[in-house]
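1. This is a predicted model, with the sequence first.
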Amino acid sequence: MGNCISRKEQENSDIRMPQPMPQSQPEFQTQRQQQYQAPLPPASQQQPVVLQKPPTQAPAIAPRRKQMRALFSFEKQVEGDLSFRKDDILDLVDNSDEFWWKMRHTETGETGYVPYNYVQPYDGSPTSMACWFDVDRREAERNLLMPGLQEGTFLLRPCRQKADQAVYSLSIRIEEQTRNEGRQIFVKHYMVKPTDQNGFYISPKKIFASMQNLVRHYQNAEDGLCCRLTVPCQRKYVPPPQFRDFELNRNQLTLIEKLGRGSFGEVWKAKLGRLVEVAVKMMHSNGQGIAMNQQDFIREAQTMHKLHHPKIVQLLGVCTTEEPFYIVTELMANGALTTYLKNDEENGRRITFDNMLDMLFQIADGMAYLEEKKFLHRDLRAANILVGHENVVKVSDFGLSRFMEEDAYDAGENTKFPIRWTAPEAATKKVFTNKSDVWSFGVLIYEIVTRGRIPYPEYGNRDILRMVSRGYRMKNPHNDDQGVFCDEFLYENIMLSCWKADPSERPTFATLRGIFENYYVEKQHQYE
Ligand SMILES: Nc1ncnc2c1ncn2[C@@H]1O[C@H](COP(=O)(O)OP(=O)(O)OP(=O)(O)O)[C@@H](O)[C@H]1O
């Protein structure tokens, strides 16, 4: 896990006093080649503007209209969309819709809709820089710890602790040779603060007139940072575009490969148009334990379509004009977490305890979003968590269990009802709340730390409900002989609190997210 320095440590960083330096290039440039792709000038010409008082006048060339730069290529899906290539510059025409912005291509003059998360501002602000990522600390670390990146790879992101101010964090990949553990890779974070005159600084002794100048300076010289900045972090994975039409045309889908089968039917990898890879879940409205009224299904899917969070699998659209219905979602490269965890065992255990904590943070983050939206999952377990690249995990299949037939809730041996994951009040009285989801989250922790073991391994379905209702709880699965690590804090303070008999005594997902975000700090605090 990355090494996160505290603010105090950061402020104590050895950032040296500035030397007088010549002025650098103007801050705002209209040519994107100049601003984003120009090779750096020789080191001698790359000195930063070092100013005690940055100039208050406006940038040399003020933007005439709001322009955006394309982060990824996009191919139009339906009439009215606008196709573009990565790095194209687009004029913003109308952003009144949350997800689809009307834009004009600056080269072709064509106008159309583009997904809002495929573009970034192109106005010289920090959020328009190639190194800008709109992510939190953990996500920054995940991006920077990917294999194959060079030391000094960096990104700029909002500082969550100071969300109300224009404070940023600069996150940098560090590699260090240690005596015992060989080469260690971690991430350091520096707070970048604004001055009253639109300048920025890491150390108040060295102030820059713009974020671009600050970054350029630390690309040239370490100057008190833990290492010199090298290259901006690459955006490796293209986010799924939100389709404008909720009802998709199934003729536009090309099924490629069967990925698996669940209670609702088969799941296929498919292409929508030429560019976008998706997953298609095929569902029959009746039979095999499913009782689905088309109108209910569409209504539920419409609600799910409006949920957007980096840690929940995005529902992109549906095909409901004929059977089987299709649910089209974002494709997750590594499939279900259960299989991913079990394969890890076979592959010689590459997922560390820190990786597991990181997964738990991501899941708690996604669930905290659903909690905030007052949406119940009802079937939270490792089989319904999907894995993307590099241990990215997302919550999937939320809300779908509503379409299971009532008798599927009988706790028989062969039932589809996930009795091992379900809170007693939900299993016995059908009272599903965010707190019953929290119970399931506690069981999911067990699955993760044991790398996919079935919960309550020694008991059959019928016994579990009876025993749990009488107060039985799974023991701490920590067992050195079997290679299971689960520390006391995780078991006592988190798993057992998720399994409190009284739902109101269980933590919220927002609390759980906070605990996993700062796990070691929270743990230390607990034992002080
Ligand atoms: N979006 C996706 N991206 C990649 N693979 C997926 C995706 N959705 C499902 N899969 C694959 O298809 C399999 C079946 O998924 P599905 O959600 O239908 O069933 P399940 O969750 O395993 O079981 P159940 O339906 O009982 O909850 C998964 O195990 C996973 O491997």
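-> On my side now, so go ahead. Residues are numbered from 1 along each chain as shown.
2. Spell out which residues of the stretch 351-500 of the chain are next to the ligand.
-> Applying CB under 6 Å from any ligand atom, we find that the stretch 351-500 of the chain lies next to the ligand at 383-384, 386, 397. Where you see a C-beta, it was placed from the backbone N, CA and C, and this is true even at glycine.
3. Adding secondary structure, write these out as JSON lines.
-> Output for these, formatted as JSON lines (DSSP: H, G, I helix; E, B strand; the rest coil):
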{"residue": "383", "secondary structure": "helix"}
{"residue": "384", "secondary structure": "helix"}
{"residue": "386", "secondary structure": "strand"}
{"residue": "397", "secondary structure": "coil"}
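4. okay, those residues in TSV with neighbour count and pLDDT next?
-> Listed next are those as TSV, based on neighbours: other CB atoms under 10 Å; pLDDT from 0 to 100:
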residue	neighbour count	pLDDT
383	21	95
384	24	95
386	24	97
397	24	88
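5. Please determine how far the nearest residue to residue 342 once chain neighbours are set aside is located from residue 477.
-> Excluding the flanking residues, the one nearest residue 342 by CB to CB, 6 or more residues apart in numbering is residue 452, at 4.2 Å. Separation of residue 452 from residue 477 (CB to CB, to the nearest Å): 12 Å.
6. And for residue 280?
-> Taking CB to CB, one finds residue 280 at 36 Å from residue 477.
7. Show me which of those two is the more surrounded one.
-> The residue with more neighbours, out of residue 280 and residue 477, is residue 280; 24 against 19, by other CB atoms under 10 Å.
8. Three-state assignment for that one, please.
-> Residue 280 - assigned by three-state DSSP - is strand.
9. That one and the ligand: what is the separation?
-> Look at residue 280 and the ligand: by CB to the nearest ligand atom, to the nearest Å, they are 9 Å apart.
10. which ones are touching that residue?
-> 253, 255, 267-270, 326-328 (CB atoms under 8 Å, 6 or more residues apart in numbering).
11. let's see 6 Å
-> Residue 280 makes contacts with 268, 270, 326, 328, as judged by CB atoms under 6 Å, 6 or more residues apart in numbering.
12. Report the two of those residues separated the most.
-> Across those, the longest distance by CB to CB is 10.0 Å; it joins 268 and 328.
13. Neighbour count: the two, which is higher?
-> Per other CB under 10 Å, whichever of residue 268 and residue 328 has more neighbours is residue 328, with 23 against 20.
14. Am I right that the more buried one is in a strand?
-> Yes. Secondary structure of residue 328 (three-state DSSP): part of a strand.
15. so it bridges to which residues?
-> When bridges are called by DSSP bridges, residue 328 pairs up with residue 280, residue 317.
16. Next one, pLDDT for it please.
-> For residue 328, the pLDDT comes out at 93.
17. cool, and the one 4 residues further on?
-> Model confidence at residue 332, given as pLDDT, is 95.
18. Quick check: it touching residue 386?
-> Yes. Residue 332 lies in contact with residue 386 (CB atoms under 6 Å); the separation is 3.7 Å.
19. before we move on, the earlier item: was I right to think the residue nearest to residue 342 contacts residue 338?
-> Yes. Assessed by CB under 6 Å, residue 452 is found in contact with residue 338 at 5.1 Å.
20. how many neighbours does the residue of the stretch 151-300 of the chain found nearest the ligand have?
-> The ligand sits closest to residue 262 of the stretch 151-300 of the chain, with a gap of 2.0 Å, by CB to the nearest ligand atom. Applying other CB under 10 Å, we find 17 residues neighbouring residue 262.
21. could I have the helix ranked longest in the chain exported to PDB, CA atoms only?
-> In the chain, with assignment by DSSP state H, the single longest helix is helix 353-372. The C-alpha coordinates for helix 353-372 follow below in PDB (Å, rounded to 0.1, in the frame of the first residue of the first chain):
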ATOM      1  CA  PHE A 353      -3.800  -8.200   2.800                       C
ATOM      2  CA  ASP A 354      -3.300  -4.600   1.800                       C
ATOM      3  CA  ASN A 355      -4.800  -5.400  -1.600                       C
ATOM      4  CA  MET A 356      -7.800  -6.900   0.300                       C
ATOM      5  CA  LEU A 357      -8.200  -3.800   2.400                       C
ATOM      6  CA  ASP A 358      -8.100  -1.700  -0.800                       C
ATOM      7  CA  MET A 359     -10.900  -3.900  -2.300                       C
ATOM      8  CA  LEU A 360     -12.900  -3.500   0.900                       C
ATOM      9  CA  PHE A 361     -12.500   0.200   0.700                       C
ATOM     10  CA  GLN A 362     -13.700   0.300  -2.900                       C
ATOM     11  CA  ILE A 363     -16.700  -1.900  -2.100                       C
ATOM     12  CA  ALA A 364     -17.600   0.200   0.900                       C
ATOM     13  CA  ASP A 365     -17.200   3.300  -1.300                       C
ATOM     14  CA  GLY A 366     -19.700   1.900  -3.900                       C
ATOM     15  CA  MET A 367     -22.100   0.800  -1.200                       C
ATOM     16  CA  ALA A 368     -21.900   4.200   0.600                       C
ATOM     17  CA  TYR A 369     -23.000   5.700  -2.700                       C
ATOM     18  CA  LEU A 370     -26.000   3.300  -2.900                       C
ATOM     19  CA  GLU A 371     -26.800   4.100   0.800                       C
ATOM     20  CA  GLU A 372     -26.700   7.800   0.000                       C
END
